[in-house]
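Engineer: can you look at this prediction? I've put the sequence above it.
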Amino acid sequence: MRPVVSSGPRGGYEAALAGVWSGLSKALTQLEWFAAEPDERLDEDSAGTLGRLQYVLHSAAELASGIEPPAGAELAHNELAAALADARDATGEVAEALELEGLFGLEPLLPEWRGALFRVRLARLRVATPRPLPILEHEPELESPRHALAATVCSLAGAGAFATGAVLAAWPLWTAGLAAFAASLLIYRPRP
């Protein structure tokens, strides 16, 4: 086993989540494949496979609950743990219904099962993306609204003159409209 290089508490947390996800991603993909078309992909003998995949979800939920999230990621981490638990329970219900009632018993459970599996993917994205916002040294200054107003008026007047000149076939008018529209681009330049 090789050591994990960490860049602070967030790096260790991300490495721990990567370990959870590496064991879970294949099982989740397989569950989503079953849930997409259960009539064609599941049969009465699939209850054992669903039970094994349910155990993978259970193990991932246990691993996730044992990970200490860094400050600011607690809510997203708790959502992931809850999503894993819901997906585990929904998969268990589907496996039980398949074993007891066959394919006919799955129909009312499918929307909840698919939603629980999707919620795991969504929770993983939320856990993976929280980054602290950069702290600005100074508040950005807003530009004067006069420049924006002048540019808007100039572009509207230019567009109107261009359209009128084009309809009346008066090339000096549409040229003036085009020039006014181009001038609006020079009047207002947002700061980078």
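Structural biologist: Received the coordinates, thanks.

Engineer: ranges for the helices of the protein?
Structural biologist: Using DSSP state H, the helices of the chain run over 9-36, 38-41, 47-65, 74-101, 110-128, 145-168, 171-187.

Engineer: what about the third one, distance to the chain center?
Structural biologist: Computed by C-alpha atoms, centre = their mean, to the nearest Å, the chain-centroid distance of helix 47-65 equals 24 Å.

Engineer: helices or strands up against it?
Structural biologist: helix 9-36, helix 74-101 (3 or more C-beta pairs under 8 Å, 6 or more residues apart in numbering; DSSP states H and E). No exception for glycine: its C-beta is placed from N, CA and C like everyone else's.

Engineer: ends of stretch 94-111, what's the gap?
Structural biologist: 11 Å (C-alpha to C-alpha, to the nearest Å).

Engineer: what is the burial count for the closest residue to Glu44 other than its chain neighbours?
Structural biologist: Leaving aside its sequence neighbours, Glu44 sits nearest to Gly102 (C-beta to C-beta, 6 or more residues apart in numbering; 5.8 Å). When neighbours are defined as other C-beta atoms under 10 Å, Gly102 has 13 of them.

Engineer: distance check, Gly102 against His77.
Structural biologist: According to C-beta to C-beta, to the nearest Å, Gly102 and His77 sit 38 Å apart.

Engineer: least reliable of the helices and strands packed on helix 47-65 by average pLDDT, please.
Structural biologist: Lowest mean pLDDT of the helices and strands packed on helix 47-65: helix 9-36, a mean of 84.

Engineer: so how far is stretch 106-124 from its chain's centroid?
Structural biologist: Counting by C-alpha atoms, centre = their mean, stretch 106-124 comes out at 16 Å from the chain centroid.

Engineer: just checking, Arg88 touches Gly51?
Structural biologist: No - Arg88 is not in contact with Gly51 according to C-beta atoms under 8 Å; the separation is 10.9 Å.

Engineer: circling back to that earlier point, what about the helices of the chain, which gets the closest to Glu137?
Structural biologist: Judged by C-beta to C-beta, the one of these that comes nearest to Glu137 is helix 9-36, at 22.6 Å.

Engineer: just checking, what packs against that closest one?
Structural biologist: helix 47-65, helix 74-101, helix 110-128.
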